[in-house]
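Undergrad: 3D model of this:
(one chain, ligands or ions: 1)
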Amino acid sequence: MLDKEVVLVGYSGHGYVVAEAALLNRFPVKFYTDLEPVKLDPFHLKYAGYEGNPSDEWSNKDYFILGIGDNQIRQRTAEILNSNGKNILNVLHPSVSLSQKIIMGSGNFFARNVSIPLLVSIGSYCIFNTGCIIEHECKIGDTVHVGPGAVLAGNVHVGEGSFIGANAVVKQGVKIGKNVIVGAGSVVLKDIANNTTVVGNPGRKI
Ligand SMILES: CC(=O)SCCNC(=O)CCNC(=O)[C@H](O)C(C)(C)COP(=O)(O)OP(=O)(O)OC[C@H]1O[C@@H](n2cnc3c(N)ncnc32)[C@H](O)[C@@H]1OP(=O)(O)O
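TA: Reported below is the predicted structural model:
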């Protein structure tokens, strides 16, 4: 458990899920940042301003967790926090099953029932959403979002900024480029080039 106050960055939708997991892990989440104070405040957090405004209260704090679902906004926000020398914490829901033989950066979120065995490498600022499975030797770049229930079989690589939709399945050994979108429920059997959207079974480019 941390003894410092933690600031949640982005307090809606995905942010609620991150906040709950962090609090279950006894992180002292006391504040949030967002464009403006939110209407729905299920955890009774205090508004610390907008992270884009350096004179707001958040700038006095040291520890942050990322509650932003959108990959590009999450990446930009992490860059702001890094440039201000802030610590961005990994958040794991208590139900997560994670091998100790994985390496990862900072600012990642592992939602309920995520399962990741050994020899996986993970960058920073990723989201592993509810119940997804990342198999052995997968390599995940920065700011990737793996959607609920998706399965990456062994030794799949996913490039920076990519999004794998809910319940998608990626065959073992497939290499997915940067800024790729894989549609919900898609089955990916072949490598995908950067900046491509693939949907369906078998996956086709759109
Ligand atoms: C906790 C959370 O909520 S996490 C978020 C989880 N959400 C998801 O996983 C959603 C992922 N998003 C998708 O699957 C979206 O459909 C996208 C991003 C792949 C495509 O969205 P858009 O760019 O708006 O495409 P659009 O809806 O116009 O569809 C384009 C074509 O692709 C098809 N298509 C779109 N998505 C899919 C899909 N998942 N599977 C199969 N076909 C699809 C459409 O039927 C359409 O086909 P057509 O041209 O033959 O009519």
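
Undergrad: Quick check: residues of the protein near the ligand?
TA: 129, 147-148, 165-166, 181, 183-186, 197, 199-200, 206 (C-beta under 6 Å from any ligand atom). Quick note: C-beta positions are derived from backbone N, CA and C, even for glycine.

Undergrad: so where's this protein shaky on pLDDT?
TA: Flagging of the chain using pLDDT under 70 yields the residue ranges 1-3.

Undergrad: which SS state does the residue of it most remote from its centre fall under?
TA: Ranked by distance from the centre of the chain (C-alpha atoms, centre = their mean), the top residue is Ser55, with 26.8 Å. Three-state call for Ser55 (DSSP: H, G, I helix; E, B strand; the rest coil): coil.

Undergrad: What are the phi and psi values at it?
TA: phi -90, psi 0 (degrees, to the nearest 10).

Undergrad: residue contacts, the most centrally placed residue in the chain?
TA: The centroid of the chain falls nearest to Ile127 when counting by C-alpha atoms, centre = their mean (1.9 Å). By C-beta atoms under 8 Å, 6 or more residues apart in numbering, the contact set of Ile127 is 14, 69, 74, 108-109, 111, 144-146.

Undergrad: redo that, cut-off 7 Å
TA: Ile127 makes contact with 69, 109, 145-146, according to C-beta atoms under 7 Å, 6 or more residues apart in numbering.

Undergrad: List the beta-bridge partners for it.
TA: Bridge pairing for Ile127 (DSSP bridges) gives the partners Phe109, His145.

Undergrad: What number of residues are in the vicinity of Thr196?
TA: 17 (other C-beta atoms under 10 Å).

Undergrad: need the contacts of Ile127 in JSON lines with distance to Ser83 and neighbour count, can you?
TA: What follows is the contacts of Ile127, written out as JSON lines (distance: C-beta to C-beta, whole Å; neighbours: other C-beta atoms under 10 Å):
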{"residue": "Gly69", "distance to Ser83": "22", "neighbour count": "19"}
{"residue": "Phe109", "distance to Ser83": "21", "neighbour count": "28"}
{"residue": "His145", "distance to Ser83": "23", "neighbour count": "24"}
{"residue": "Val146", "distance to Ser83": "27", "neighbour count": "30"}
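
Undergrad: so which of those residues would you say is closest to Val38?
TA: When these are compared for distance to Val38 (C-beta to C-beta), Gly69 wins out at 14.7 Å.

Undergrad: Wasn't the closest one part of a strand?
TA: No. Assessed with three-state DSSP, Gly69 is coil; it does not lie in a strand.

Undergrad: I figured it was touching Tyr11, is that so?
TA: No. Using C-beta atoms under 7 Å as the test, Gly69 is too far from Tyr11 to be in contact (11.9 Å).

Undergrad: what are the ranges of the helices in this structure?
TA: All helices of the chain, identified by DSSP state H, fall at 14-24, 71-83.

Undergrad: how much does the longest one deviate in direction from helix 14-24?
TA: Helix 71-83 and helix 14-24 are oriented at 50 degrees to each other (axes from the mean of the first three to the mean of the last three C-alpha atoms, to 10 degrees).
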